[in-house]
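S.K.: fold the following for me, if possible:
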Amino acid sequence: MSKRLGLAIAAAKCPQCREGKLYSVSMLSYRKLSDVNKTCTVCGANFHPEPDFYYGAMYISYAFSVALVITSLTAINVLVEVPKLWMYLTMVVVLNIILLPAMLRYSKVLYLYGLSKLKYRGF
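M.R.: You can find the predicted model right below:
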């Protein structure tokens with residue numbers, strides 16, 4: 001993966017021109033948290049190639065959640081000698097709440113980059 005592609009994915013930019021924004025609001029805003037723009041403001045690419053296109057992004061979001069749970073449970077087992085059940089539950093719930101915006105957004109970004117027919121044109 002090229003550095004420019006990685007930066008475009010991290011910044012949630014258009015897969016076709018890598019300049020237009022996929023989201024109208026900041027990741028820190030909980031207003032319209034996961035609403036993807038209809039089209040790119042720079043190149044006019046359609047971000048909604050078909051109805052309900054982003055339902056498949058739920059699988060990526062699920063993978064993010066599973067990775068988060070496994071990582072946090074492993075961290076608790078390594079850092080705490082005798083962990084209690086409440087530690088596991090609290091850690092998983094708190095991390096999911098904190099990382100929810102990023103997981104929702106990047107699951108859609110990765111899904112769009114991976115499965116849409118939008119390819120980089122390098123204007």
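
S.K.: who are the neighbours in contact with the residue most central in space within the chain?
M.R.: For the chain, residue 106 is the residue whose C-alpha lies nearest the centre (C-alpha atoms, centre = their mean; 1.2 Å). Counting by C-beta atoms under 8 Å, 6 or more residues apart in numbering, residue 106 touches 9, 12, 60, 64. The C-beta positions use only the backbone N, C-alpha and C, and glycine is treated the same way.

S.K.: so what's the residue count around residue 27?
M.R.: 13 (other C-beta atoms under 10 Å).

S.K.: and it, helix, strand or coil?
M.R.: Assigned with DSSP: H, G, I helix; E, B strand; the rest coil, residue 27 falls in the coil class.

S.K.: tell me the phi and psi of it?
M.R.: phi -70, psi -30 (degrees, to the nearest 10).

S.K.: do I have it right that it meets residue 101?
M.R.: Yes - taking C-beta atoms under 8 Å as the definition, residue 27 is a contact partner of residue 101 at 5.3 Å.

S.K.: quickly find the element holding residue 70.
M.R.: For residue 70, the element it lies in under DSSP states H and E is helix 57-79.

S.K.: what's the spacing between stretch 57-71 and its chain's center?
M.R.: 10 Å (C-alpha atoms, centre = their mean, to the nearest Å).

S.K.: neighbouring contacts of it?
M.R.: 92, 95-96, 99, 103-104, 106-108, 110-111.

S.K.: most neighbours, which of those residues?
M.R.: residue 108 leads the contacts of stretch 57-71 on contacts (other C-beta under 10 Å) with 24 neighbours.
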